[in-house]
Every structure is written in C-alpha cells, then in structure tokens.
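A.B. asks: A predicted structure for the sequence below; I have some questions about it.
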Amino acid sequence: MPSGPPTAGRQRTHLVVAGVLAIALALTFTLLLTSSLDQGARATTSAVGLLLTGLLATSSSAVRARWSTGGRRRAWRLLALAGLVAISGNVLGAALDSGPALGLPFAPSDVAIALALMTSIASLTYFTQVTRSRVDLAVMALDGLILGSAVLMIAATVVYDQLKADVGADEVLSRVVIPLLDVVLATVALILLRRTRGPDRFALGLVAAGFIVYTMTDLGYAVRQAEDGTFAFGTPLDLGWMVGYLLLALAAWWPTGTREVPREEGVAGAEDWDTAVVFGVLLVAVMVEVTGEGGEGLFSIEAALWLFLIGGAGLRQGLIARDNRHLRRNLEDDVRERTADLRQMGRETEVLLSSVADGIYGVDTEGRVTFVNPSGATMLGYAVEDLTGRPAHELFHAPAEDGIPFPAADCYIAEAVRERVVSNGEEDLYVRADGGTFPVEITASPLVDTETGEVRGGVVVFRDVTQRREVDRMKNEFLSVVSHELRTPLTSIRGSLGLLAGGVLGELPEPAGAMVNRALMSSERLTRMINDILDLERIESGSLALEVLPHDVDDLLAIADREMAGLAASREVRLVRTAGCPARVLADHDRIVQSLTNLIGNAVKFSDPGSVVELGAVQDGDSIVMRVRDHGRGIPADRMESIFDRFEQVDSSDIRQQGGSGLGLAICRGIVERHGGRVWLESELGVGTTASLSLQAAPAASHAGDAATA
Ligand code: ADP
C-alpha cells in the first residue's frame, strides 16, 4: 500500500542525509580509485562502489515510489527496477570480466545494461505532468533516437573511428546498442526536463543529470573497449557510473511538492525547440561526417547537398510544427471559450428551469422523461431522479373519465413528437405519486434539432389549475345564486312598472310616464341578463334539458324573424328571407329559436339603418345550415373565436351602445353544441358578417313522435 509522503521538514532531513551520504561515497571512491592501490584491489573497490551506489539509487527509487501516486509512482517503480537490473549487470560485468562468456552470443552484463536502459526510458515517459498521447510519446522517443544516432555519428567521426569499422556480432550490444540507448535516454530526459514545470522539475533535472553522467561513462567505456578491447574495472572512469547512481538517489529524495500542478503548467508539445535541437544536432553530425571524411569535403558538392537536405528538411519541419502549434492554440482557445459559454448557458437554463413555478418536463421520441424541473417533480409528488427515464404518459396522465386508459398514441406528447403539433392551453388530469389527481393546463411542443430539423422529443409545460377551477366554480355558483335571488324581486318590480305604465292607477303625468317606461325597459334588460346568466350556468353545469324534435327549418326561421321584426324596425333594418329550405331539423324548438334570435339580434344591432339582414338555410348532407347575414361593420379576424366566450365583446362600448351583455354567443354555442351541432362566424371588416348554425337534419320520413330527447 502506498503511504503518503512525509512532512516537508522530514523530507528536507532525508535529502540532507542522502546528500551527505552521496558526497561521502563519491569522495571515498574518488580517493580510492585515484590512489596507488594495485589493479586487483581497485577492481574490487569499483565493484563495491557500484554495488553500494546502485543499491542506494534503487532503494531510494523504491521508497519514493511508495510515497508517490499515479504516473509518478509507476515512473519511480520502473526506475527502481532498472536500477536492480543494472546492478545485476554491473556485478556480472565485474564478476565475469566483460565479454562473451558461458557460450552466450552476448555478454549477460551487456544484455542487463541494455534492458535497464530501456526500462529507464519507459520510466521517464511516466514522469511528466502533461498527459501525453501515444503519438507524442512516439515522437519523443524518435527524437531521442535521431539525436542518439547523430551524437554517435559525431562521436564515431571525432572520437573513435573503430565504431564504424567492422563491429563483431558480439560487440554490437556494447559498442552500438548500449551507447545508442544511453543517448536516447539522456535526450528523452532533457526533452522532458524542458517541458516540465513545477516541483517535479528539480527531481527530473537530477535524473537527467544522472543519466547524462551515466551515458558519458558508457560512451567512454565503449571508446576504450573499441580502442584496444582491454577495458578493466578499477579506473576513475567507474566513478561516472557511481555518480550517475548517486544523482538518481538524490533525485528520489528531493522533496515532493504538495501543490497539485495544473496541467496547463506543463509545456505540451514545445515542437519549435525540439525540432530545432534535433535538426541542429543532425546538421552538426552531417557536417562532421562530411568534413571528417575528406579534407576538402567542407566545400564539396556532396557536403553542400547534405547540408541543404538536412537544413531544408529541418526548416520545413520547423515551419509545419510552428503552424500546427498556432492552429492548436487557436483551437484550444476556441474550445475553451465555447465550453465556458456552454457552461454559462447551462447554468442559466438550470436557474431558469428551477425558478419557474410551472412544471416543465422533456421527453424523448419514445415519450420517456429526459428532464423535469423541481416544481414539476414536486407537483407530481416524485423526486426529479425518480421521474427521469420513465414513460410520462403511462406514469402520470390520468385515464379518461370512464376509467379506460387514454391511448398513448393520441396523447399530445405523441402528437408533438409525431406530427410536430403544438398543443396550447389543453386541459388534462395528472396523477400524483400517491394516486391523487389534479387538473392541469398544458402546452406541449416538439423539441426540434435546429441543425438537422429532426424531432428529438417534446417539451411539456403544465400548470396546476385546481385553484383556478375552484375559483371558477365559486364564481359561477355565486352568479347563479345572486341571479336566482334577484329574479323574484325583479319580476315583481317589472310587473308593478308594467301596471303603472299600462295606466292601471290612472294616466300618469308626462314626465312620470316617460320615467316609468325607462324603468320598465331597464328592468326588462336586467331580467334578460339574469336569464342569460342562469341559462349559461345551466348549460355549463349540464342541467339544461332539451326537448329535441323534428321541426321545419322554415318555421323556425319564420318564428325568429317575427320575434325580431320589432327590433329590426326600430333600427330601420330590413329582415329578408332568402330561398326557403323545405327540410326538417332535429332541434329543441325554443332553444334554437332563442339562438337564432340572438344571431339575428346581433346582425341587426351591428348593421347601419337602411341595410338588409338576410335569413336563409341550406341542406348540406346530413346537416342543415341556417345563416344570418348582415352588411354591418364586421368582426376583426382575431376576435372571431374569443367573442364566443362569456362577457366578451369586440368593443367595450358595445355594451352601452347596443345594450348587449356579451353572453349571447356563449349561450348560443352552448345550446347548439348540446344539440351536437356547430355555430360559427365568418366576417370581413366593413363588409359584413355571416353567422352560421348547423344542426342535424331530421330523417325525411320522420314524424313528430319519433324524435329523440337529448
Ligand atoms: P352581446 O351581443 O349581448 O354583446 P354576444 O355574445 O351576442 O353578446 O356578442 C358578443 C360581441 O360580438 C358583440 O358585443 C359584438 O361586439 C360582437 N358581434 C357579434 N355579432 C356581431 C355582428 N354580426 N357584427 C359585428 N359584431 C358582432
């Protein structure tokens, strides 16, 4: 189990102890190896020194691995492993006196060292705070390889030509592979060091320094080996390996920072510099190579071509890398900006959704809830997460009044998703988690993907209208009670006024007569209004009894015509009957006459004196359509439907000028709809209005006796 790092104070103490130990060891072995000890004793000293320093580096790395976490932990573990493998290699080398032995193709010590170097390279790739892609790691390794080869090339030309001379199969490891791996390792360490910021930098710097010292020593070893093939342990060169190990040990004891290093602090992909270094070294290598071969090479055509080749390739690569970096930086900035915008938008939407009092939920194309706002969930008695993912219709859309589940396919959610229909102001009954129901008014709209134009689901906004319904009910009840209570005294007032006006108590003086007449008219208007209110209440509560029988259409029109003749005459409007309709219609006589007289009354009231109101009827299939057409002021298109609501008038002055109450059309529609019929208006401003009332035609052979009662 990893144990956390010790306190900063203890870490400092550890570093001091390790530092003192490292210096002591380095000094001791420097003294011993430069002393006049004989070769055998010096070789033994070397072996002991390598073992001690190697063990110190290995155990230090292992301890550091225990303190660390994540990638760093893996890096230090691999370094400890590499240390172990390398010590074994060194010990073997010292013991077997390098060279093929035991009949193996390669010296086991060389194999061990090569393995240790590879493990170290692998460990370095975990060292970085910047998460690297595989390609990035591969590029880094290739950089190392190119640099390694270039350095070897330089070394081969400048220092030891033997490298290029025939290398025996058994020497490939020690003379080519190991030096190459050494340079790769040192290069990768340097590249990483350059890209690393923060607390890791010092530790990584020591690691890099350790590897560089180690590499130089290995190169020295390779040179000696190549020169005369008589390398022996026990020379000051061995100090290089020891110092390499000691630097690694110190790196392991370097205090860890407690600060978390933000990713941005690492320098990801500093391609410009890397490219410049890689190609610079390559260029130097080529120059050395070309000039080294022939004395006159510097200005030879071959030399120039090589220089152009490498220089041009390097420049091209550099430019591409630079361009890429700019591109990436711009893209990153862009993405960062957009992400911030999106987050902000998301937060605003969330605040919006959670602060509205109405319930809002979204569904996918299958009708499953994708989101619901807190008010919505509370109204339904669920937690937000309990609703998400569940089918909205099945879960809380109440069945119809007869108890039969309402088909999901006909639900407004399905319609919104399937047919992109927006349902506005529809009423529904929702079921709460506890089984109780409550009336809601909903608006359902499809959720359309603005880019593809596809429907991705739907959004439903719902409002609990329990209270509104209750207020409506109380208002209606109040109106009906008041109306009932008013009707009796009003009847008596009207009766008394009628008697007075009729001269029962003698002829009234002129001003008194006029006053009584005005009072009589007002009380009659009041009575009409009260009757209207009571009618409406009856219609809405469903208690309006209808006696539906077949009646001649023409008769109905004639009666209505007669009833309204007085009003028409007083307004100088002519009522004209157009072509008759010999059919019969199924209707409650009085109620349909009442509806017709209301439509005719409106037509007369809103016509100019001298104009004509036409009454007519036509048969349309199974229906009879009765029409009242005027040439009056007309009705604005946006009011055509709303004036069917109670107390609604086009102009609030209508109530004064025309003496209406705004209840006529509401009653008319109520009556006709109770018949299963329809009433509607068509109008053009300044041209006139046609009111149509359609009812079911009575079968041709039917008689008064076979009528149905609704
Ligand atoms: P009332 O006539 O008692 O006011 P209605 O419900 O019958 O109530 O009519 C509502 C309103 O519709 C009227 O006040 C008027 O503004 C308008 N309206 C109805 N019929 C016509 C018509 N034929 N021409 C113009 N406006 C009309």
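C.D. replies: All right, it came through fine. Numbers count the residues shown, from 1 in each chain.

A.B. asks: drop to CA atoms for contacts and neighbour counts, all remaining ones
C.D. replies: Noted.

A.B. asks: so what's residue 623 bridging to?
C.D. replies: Counting by DSSP bridges, residue 623 forms beta bridges with residue 620, residue 696.

A.B. asks: dump the residue contacts of it.
C.D. replies: Taking CA atoms under 8 Å, 6 or more residues apart in numbering, we find residue 623 in contact with 694-697.

A.B. asks: just the residues you listed now: which is nearest residue 357?
C.D. replies: In terms of CA to CA, no member of the contacts of residue 623 lies closer to residue 357 than residue 694, at 42.6 Å.

A.B. asks: is that closest one in contact with residue 628, as I believe?
C.D. replies: No. Between residue 694 and residue 628 there is no contact under CA atoms under 8 Å: 11.8 Å.

A.B. asks: what about these two, which has more around it?
C.D. replies: Taking neighbours as other CA atoms under 10 Å, residue 694 and residue 628 compare with residue 628 leading, 27 against 24.

A.B. asks: any idea which element that one lies in?
C.D. replies: Residue 628 is part of strand 623-629, with elements assigned from DSSP states H and E.

A.B. asks: can that strand be found next to the ligand?
C.D. replies: No. Figure legend: strand 623-629 not in contact with the ligand (CA under 6 Å from any ligand atom); closest approach 7.7 Å.

A.B. asks: begin at 2 from now on, thanks
C.D. replies: Noted, 2 is the first residue going forward, which turns the last one into strand 624-630.

A.B. asks: relative to the ligand, which of the contacts of residue 624 is nearest.
C.D. replies: residue 695 (16.8 Å; CA to the nearest ligand atom).

A.B. asks: pretty sure the closest one is in a strand, no?
C.D. replies: Yes. Checked against DSSP: H, G, I helix; E, B strand; the rest coil, residue 695 lies within a strand.

A.B. asks: tell me the mean pLDDT over the helix or strand harbouring residue 532?
C.D. replies: Using DSSP H and E, residue 532 maps to helix 511-542. Average pLDDT, helix 511-542: 87.

A.B. asks: how far does it sit from the chain's center?
C.D. replies: Centre-to-centre, helix 511-542 and its host chain are 63 Å apart (CA atoms, centre = their mean, to the nearest Å).

A.B. asks: same question, stretch 202-219
C.D. replies: That offset, for stretch 202-219, works out to 48 Å (CA atoms, centre = their mean).

A.B. asks: buried ones in it?
C.D. replies: Within stretch 202-219, the residues that count as buried by 16 or more other CA atoms under 10 Å are 202-219.

A.B. asks: which residue does the stretch 402-551 of the chain bring closest to the ligand?
C.D. replies: Closest point on the stretch 402-551 of the chain to the ligand, by CA to the nearest ligand atom, is residue 530, at 8.8 Å.

A.B. asks: just say helix, strand or coil for the residue lying closest to that residue once chain neighbours are set aside.
C.D. replies: Using CA to CA, 6 or more residues apart in numbering and skipping the chain neighbours, the partner closest in space to residue 530 is residue 662 (6.8 Å). Secondary structure of residue 662, reduced to three states by three-state DSSP: coil.

A.B. asks: show me which residues of this protein sit near the ligand.
C.D. replies: 603-604, 607, 634-636, 644-645, 649-652, 655-656, 661-667, 690.

A.B. asks: what sits against residue 138?
C.D. replies: Taking CA under 8 Å, 6+ apart, one finds residue 126 in contact with residue 138.

A.B. asks: now it: how far from the ligand?
C.D. replies: Using CA to the nearest ligand atom, to the nearest Å, we find residue 138 at a distance of 81 Å from the ligand.

A.B. asks: and that residue, what element?
C.D. replies: Judged by DSSP H and E, residue 138 forms part of helix 135-159.

A.B. asks: that older thread, give me the buried entries from the contacts of residue 624.
C.D. replies: Using 16+ other CA under 10 Å as the threshold, 695-698 are the buried ones among the contacts of residue 624.

A.B. asks: neighbours of the closest residue to residue 596 other than its chain neighbours, how many?
C.D. replies: Leaving aside its sequence neighbours, residue 596 sits nearest to residue 669 (CA to CA, 6+ apart; 4.9 Å). By the measure other CA under 10 Å, the count of residues near residue 669 is 24.

A.B. asks: now do the same for the residue in the stretch 452-601 of the chain positioned nearest to the ligand: its pLDDT.
C.D. replies: Nearest residue of the stretch 452-601 of the chain to the ligand, counting by CA to the nearest ligand atom: residue 599, 6.2 Å away. pLDDT recorded at residue 599 is 93.

A.B. asks: close enough to count as contact, it and residue 664?
C.D. replies: No. Contact status for residue 599 versus residue 664: not in contact, 9.8 Å apart, counting by CA under 8 Å.

A.B. asks: tally of neighbours for residue 39?
C.D. replies: 10.

A.B. asks: what are the phi and psi angles of it?
C.D. replies: Main-chain dihedrals, residue 39, degrees, to the nearest 10: phi -80, psi 170.

A.B. asks: and the gap between it and the ligand?
C.D. replies: Taking CA to the nearest ligand atom, one finds residue 39 at 126 Å from the ligand.

A.B. asks: distance of that residue from residue 244?
C.D. replies: 22 Å (CA to CA, to the nearest Å).

A.B. asks: same question for residue 61.
C.D. replies: 15 Å.

A.B. asks: got it, and residue 46?
C.D. replies: Residue 46 is 15 Å from residue 244, by CA to CA.

A.B. asks: neighbour count for these two, which is higher?
C.D. replies: residue 244 (24 against 19).

A.B. asks: could you identify the longest helix within the protein?
C.D. replies: helix 302-356 (DSSP state H).

A.B. asks: quick one: name whatever helix or strand follows that helix.
C.D. replies: Next along from helix 302-356, by DSSP H and E: strand 360-364.

A.B. asks: packing partners of that following strand?
C.D. replies: strand 370-373, helix 375-381, strand 456-465 (3 or more CA pairs under 8 Å, 6 or more residues apart in numbering; DSSP states H and E).

A.B. asks: can you add distance to residue 524 and mean pLDDT and give these back as TSV?
C.D. replies: Shown next, in TSV, are the helices and strands packed on strand 360-364 (distance: least, CA to CA, whole Å; pLDDT from 0 to 100):
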stretch	distance to residue 524	mean pLDDT
strand 370-373	56	93
helix 375-381	49	93
strand 456-465	41	92
